[in-house]
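>>> Would you be able to build a 3D model of this:
(2 chains)
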Amino acid sequence: MKKQLIELRINGRSYELASEGNEVLLDTLRRELELTGSKRGCDDSSCGACTVLLDGTPMLSCTMLTVSCEGQEITTVEGVSAEGAMAAIQKAYGDWGGAQCGFCTPGFLMTVKHLLANNPDPSEEEVRQALSSNLCRCTGYSQMYQAIRAAIRAEQNQERAR
Amino acid sequence: MSDFSVIGKSVPMVDAAAKTTGSGKYTDDLSLPGMLYGKILHSPHPHAMIKNIDSSRAESLEGVVAVVVGRDAPLAYGILPVGHDEHALAVDKVRYVGDNVACVAAFDEATAEKALELIDVEYELLPSYFDPEQAMKAERDTIHENKPHNIEKEYHHVFGDPAKGFRECEVVREARFLANEVTHAAIEPHSTLAAFDLDPQSGRLGRLTVWSSTQVPYYLQHKLSLVLEMPMSQIRVIKPLVGGGFGGKSEVIPLEIVAAVAARKAKRPVKITYTREEVFWAHRGRPRTIIDLKTGAKNDGRIVAVQARVVQDGGAYCSYGVVTILYSGALLGALYDIPNIQYDGYRVLTNKPACGAMRGHGTVNVRFAFESQLDEIAADLNLDPAEIRRRNLLQPPSITVNGLRVQSYGLPECIDQVVTRSGWTRRKGRLPRGRGLGLACSHYVSGAANSIIRSDMPHSTVNIKIDRDGGVVVYTGASEIGQGSDTMTAQIAAEVLGCPLSRIKIIAADTDLTPIDIGSYSSRVTFMAGNATLRAAQQVKALIAEAVAKKMGCSREELIFREDSVYRAGCRPDLSASASPNRPRATVAGRVEGQILRGSLQQKRQERETTPESMSLEEAVVTAIDYHGALTGTGAYAPPPDARGGTHKGAGVGPSPAYSYSAQVAEVSVDEDSGEVTTHKVWAAHDCGRALNPVAVEGQVIGSVWMGMGQALSEEMIWKDGLLMNPGLLEYRSPSSVESPQVEAILVESIDPEGPFGAKECSEGALAATIPAIANAIYDAVGIRLHESPFTPERVLAALRAKKELKPLNLTAGIDPTAPSRFREHGGALCYKGKGPKRHELDRMKAR
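Below you'll find the model as predicted:
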């Protein structure tokens, strides 16, 4: 298939690359750009391990054509931590056992990031609903709720400190 | 004694940042220059001879570098020494839909996939076997030539006098239970990258390095050496981060060998990563199990005798099967005091993907049957389910009738805890209709006392190096798979040496660098690798203490290692910065000016020849290096001989240096119109000996309960003529967050006499109790006793309608999960309407 030249904006940076029309975003991220934080856990949009944000909306990069992502701001897990520090949600996932094997974690973090951006103080029911787009086989999800609570508290404390 | 500085406190995993920022590397995240992608051709037939393979068209496709087939690596292997029945790629015969036939290595994945279609394989169909009880009757065309009647292995154990025991019983229950097949479905699909170095002497392919998603790097190294006919020392296996195992990566999976064989033929690095569907075919999960169980008790609830006949549908290869079928019998013991046990176990071969080890290996399905039947007996005797369990407790320390040594035993407290926390006495049997509580118990080994290769050699070895930079490097073969193995190792080393976790660096699971550890399975890591770490740290601590004691003019016993310092008892230094601004103590930067290069000469001058009473750990390390010349420690662990079990055939499986205990109460509701069961909450009390890292232990317990709930309510591999009908995570029905209950993990610490700081198992044992706890809760809710798992809506509905003597629905016709007799195609679900693979003429005649 003939490649076409496209420009992608990922984590605040611009990349110019040649992409085949049938290439999916996940392969572009992982293979071309070495952004291997986004994972492939299935091939059929079941697991959510490949979740990235497209203009702030969680999307499954395993079933998105790369060429269709031009002109949109793509955020991957690599774009969550800023300036050499773990983001509150990343720290909280570590502290509260939200990540065990860690393979599903990047996808979950993108989902949570979207949830908290739109609803800074969600109820447990809202958290459960939001997380149901991603699958985890280690944690039974329970400790993720604690992590998310802790991250919300940390963010609120930071707000107050400002 | 409970005054610890590092252990017993919740700490984030040492690799938490790598996992949450995406910077950590799993096998599929790795690539090498010139790396090829491998794709495997799988069999479309459940049982067939391979008459011919012609790969010439594939080989000539642009971009294809090599095509490998069975004859490129014809030597057989298998995880168990008694079960060498697998080949990297099928040599003459395929035995299940998905069996490995050929592999293409190409410059990119798309080319490799295209090339697969160009490989021409000529098959000759054979009759195939899917039902284990049918397979056992086979007279010809068996799956393996050397296994008549397709029986991989059978065991017949009698402990005590079961016949006499049953005669003395006042109540006896007997029933058939069926547990359908489940799989690990770790979120990371298996992946392997294999690369050969060029040997500078010969100029040809030399040493092999394999990066793989494995729980057992040393077993992989061993099997690679067997199949590739290379010395083990020429093979290096490195385990990067592993995205979950649950047993599914605890043996050598075909792609691991195939990648190496392909790399050898292609003479370039080859990476193979399974698709999700291939992960389901690779399987090695928990087999479908038929359990014919008979339990007899006295009127007071004391169990007198148990008789179990277990048939496991093991799939096409041995895998861990012999161990699985032995665990099913052996772990009838060591939970309760049962004086008479008869066990007949059959591991049967069928034309389906091989079953192997899965979380709670061998014990789970039998425990479902046992704990369900125990509740039935309790009901017969009008006893509370908690009470009947209390009346059958062991009195440790003791040796069970089947030779298992039990020491620490927190089961009584586990039962008390869940009874109290769940409001059991107040609420059981008194909830509104459709809602119920159920209780069950389980246990599991803290590592097998006998490794699969029986020997007296250590199961774990750990090395520690401390150098003049003050850094403590721990080299361990233990495999972090998400359970927290590396963190546990760091915590134990830090506790012994009295230093913060930041001083510890873990180098793990790399066969060139780390001493042997037989891997992450059977919940052995904390107990065994933990003990080896403890011993290594104690050894290096003794060396430091010897040098420091000499310098301080005191005895070694007087020294305390704590807060990154070494001091004489009673001379705890004031470690606040204002107290000793000039003290050369390690700061956050970890650097002591001048000390590293000049050693104790400089220190002596600074101290003006006074005898110190305390020093920083860094000073102590330099003192010790000065004194000894080098500072390393080694620790090894081998289970004690008296924990290794009896002498009967098959006695090697079941014994463990310690057992974990679990008691659970599940609260469920049953929708009587839809048959849907919802688990609202599970109270899970788990005796883990000592919780070294409570947040991680709770995570393991919650995860086990959750996985048990999945097997109880939704997860099931559904077959049609050997074809898996649901090879996807959604179709397999792995529970999502909205279907997952709140789990309250309650940690019970029985402090095991031999565990590191008293710790034992916490990652598997809780799983087995969840399934019967839910089954018992369903009975409490709506009065149906389900004998077949999972308790899917259609099974629950079938049982409910049968109970009410209503006409069966289209969906439920012919299913009786309260008295199942055999495994049903499509799992008994009539809503599946798939077409199976092409069959042999004899099979088609049978079907008619």
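>>> Leaving out sequence neighbours, find the closest residue to the spatially most central residue of chain A.
Central residue of chain A (CA atoms, centre = their mean): A:M110, 2.7 Å from the mean position. Nearest non-adjacent residue to A:M110, counting by CB to CB, 6 or more residues apart in numbering or on different chains: A:T51, 4.4 Å away. Glycine gets a C-beta too; all of them are placed from N, C-alpha and C.
>>> sorry, back to before: just the residues contacting the helix or strand hosting the residue nearest to the centre of chain A, thanks.
Using DSSP states H and E, A:M110 sits in helix A:105-118. With contact meaning CB atoms under 8 Å, 6 or more residues apart in numbering or on different chains, helix A:105-118 is reached by A:37-39, A:41, A:47-53, A:56-58, A:75-77, A:80, A:89-90, A:93, A:98-99, A:122, A:126-127, A:130-131, A:133-134, A:136, A:144, A:148, A:151-152, A:155, B:19-20, B:22.
>>> Mind giving me the PyMOL select for these, buried ones only?
Remark: buried members of the contacts of helix A:105-118, expressed as a PyMOL selection using 16 or more other CB atoms under 10 Å in any protein chain shown:
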select buried, (chain A and resi 37+38+39+41+47+48+49+50+51+52+53+58+75+76+77+80+89+90+93+98+99+122+127+130+131+133+134+136+144+148+151+152+155) or (chain B and resi 19+20+22)
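>>> Following element in sequence after the helix holding A:M110, please.
helix A:124-131.
>>> which element follows that following helix toward the C-terminus?
helix A:142-161.
>>> helices or strands next to that next one in the packing?
Applying 3 or more CB pairs under 8 Å, 6 or more residues apart in numbering or on different chains; DSSP states H and E, we find helix A:142-161 packed against helix A:88-95, helix A:105-118, helix A:124-131, helix B:694-713.
>>> angle of that helix against helix A:124-131?
For helix A:142-161 against helix A:124-131, the angle between stretch directions is 110 degrees (axes from the mean of the first three to the mean of the last three CA atoms, to 10 degrees).
>>> what's the most buried one of the helices and strands packed on helix A:142-161?
helix B:694-713 (a mean of 28; mean count of other CB atoms under 10 Å in any protein chain shown).
>>> What helices and strands are in contact with the following helix or strand past that one?
Toward the C-terminus, helix B:694-713 is succeeded by strand B:719-720 as the next helix or strand (DSSP H and E). If contacts are counted by 3+ CB pairs under 8 Å, 6+ apart, strand B:719-720 sits against no helix or strand.
>>> Give the rounded mean pLDDT of strand B:719-720.
Across strand B:719-720, the average pLDDT comes to 90.
>>> Could you list the paired strands of it along with their orientation?
Using DSSP bridges, the strands paired with strand B:719-720 are strand B:723-724 (antiparallel).
>>> who's in contact with the strand it pairs with?
Outside strand B:723-724, the residues that reach it (CB under 8 Å, 6+ apart) are B:46, B:97-98, B:280-281, B:353, B:717-718, B:834, B:836-837.
>>> gap between that strand and the chain center?
25 Å (CA atoms, centre = their mean, to the nearest Å).
>>> What does the pLDDT read for the residue in chain B positioned nearest to chain A?
Going by CB to the nearest CB, chain A is nearest to B:G22 of chain B, at 2.1 Å. Per-residue pLDDT puts B:G22 at 96.
>>> how close does the nearest residue to A:T105 once chain neighbours are set aside get to A:Q90?
Of all residues not flanking A:T105 in the chain, A:A99 sits nearest, at 4.3 Å (CB to CB, 6+ apart). A:A99 is 9 Å from A:Q90, where distance means CB to CB, to the nearest Å.
>>> Next: B:K239.
Where A:Q90 is concerned, B:K239 sits at a distance of 24 Å (CB to CB).
>>> What ranges does the stretch 601-750 of chain B have for its helices?
B:617-628, B:694-713, B:729-732 (DSSP state H, counting those that start in this stretch).
>>> so what's the spatially closest residue to B:S319 that is not a sequence neighbour up against?
Excluding its sequence neighbours, the residue lying closest to B:S319 (CB to CB, 6+ apart) is B:G356, at 3.9 Å. Contacts for B:G356 (CB under 8 Å, 6+ apart) come out as B:79, B:247-248, B:250-251, B:283-285, B:319-321, B:324.
>>> likewise B:S479?
B:214-217, B:239, B:242, B:485, B:508-509, B:517, B:519-520, B:525.
>>> could you redo the last one with a cut-off of 6 Å?
B:215, B:239, B:509, B:519-520 (CB atoms under 6 Å, 6 or more residues apart in numbering or on different chains).
>>> for the residues you listed, which one is nearest B:W424?
B:S520 (35.0 Å; CB to CB).
>>> Which of the three states applies to that closest one?
coil (DSSP: H, G, I helix; E, B strand; the rest coil).
>>> since we're on it, how many residues are nearby?
29 (other CB atoms under 10 Å in any protein chain shown).
>>> and what of B:E124?
With other CB under 10 Å as criterion, B:E124 counts 12.
>>> can you check B:D54 too?
Using other CB under 10 Å: B:D54 sits among 13 other residues.
>>> That one contacts B:D120, correct?
Yes - counting by CB atoms under 6 Å, B:D120 is a contact partner of B:D54 at 4.3 Å.
>>> What segments of the stretch 351-500 of chain B are strands?
Ranges of strands in the stretch 351-500 of chain B, per DSSP state E, counting those that start in this stretch, are B:398-399, B:405-406, B:435-445, B:460-466, B:472-476.
>>> quick one on the thing from earlier: do you know the pLDDT at the residue nearest to the centre of chain A?
At A:M110, pLDDT is 98.
>>> From B:R167, how far off is it?
64 Å.
>>> Show me chain A divided up by domain.
A:3-79, A:88-161 (automatic domain parsing).
>>> okay, the ones you listed in CSV with distance to B:L809 next?
Formatted as CSV, those follow (distance: least, CB to CB, whole Å):
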stretch, distance to B:L809
domain A:3-79, 29
domain A:88-161, 28
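>>> right, so of these, which gets closest to B:G654?
So among the domains of chain A, domain A:88-161 is nearest, using CB to CB, at 26.9 Å.
>>> on that earlier part again, now secondary structure and neighbour count too, for the contacts of strand B:723-724, in JSON lines please.
Shown next, in JSON lines, are those (DSSP: H, G, I helix; E, B strand; the rest coil; neighbours: other CB atoms under 10 Å in any protein chain shown):
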{"residue": "B:P46", "secondary structure": "coil", "neighbour count": "32"}
{"residue": "B:V97", "secondary structure": "coil", "neighbour count": "25"}
{"residue": "B:G98", "secondary structure": "coil", "neighbour count": "26"}
{"residue": "B:F280", "secondary structure": "helix", "neighbour count": "23"}
{"residue": "B:W281", "secondary structure": "helix", "neighbour count": "23"}
{"residue": "B:P353", "secondary structure": "coil", "neighbour count": "27"}
{"residue": "B:M717", "secondary structure": "coil", "neighbour count": "23"}
{"residue": "B:I718", "secondary structure": "coil", "neighbour count": "22"}
{"residue": "B:G834", "secondary structure": "coil", "neighbour count": "14"}
{"residue": "B:G836", "secondary structure": "coil", "neighbour count": "18"}
{"residue": "B:P837", "secondary structure": "coil", "neighbour count": "18"}
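>>> If anything else comes up later, I'll come back, but that's it for now.
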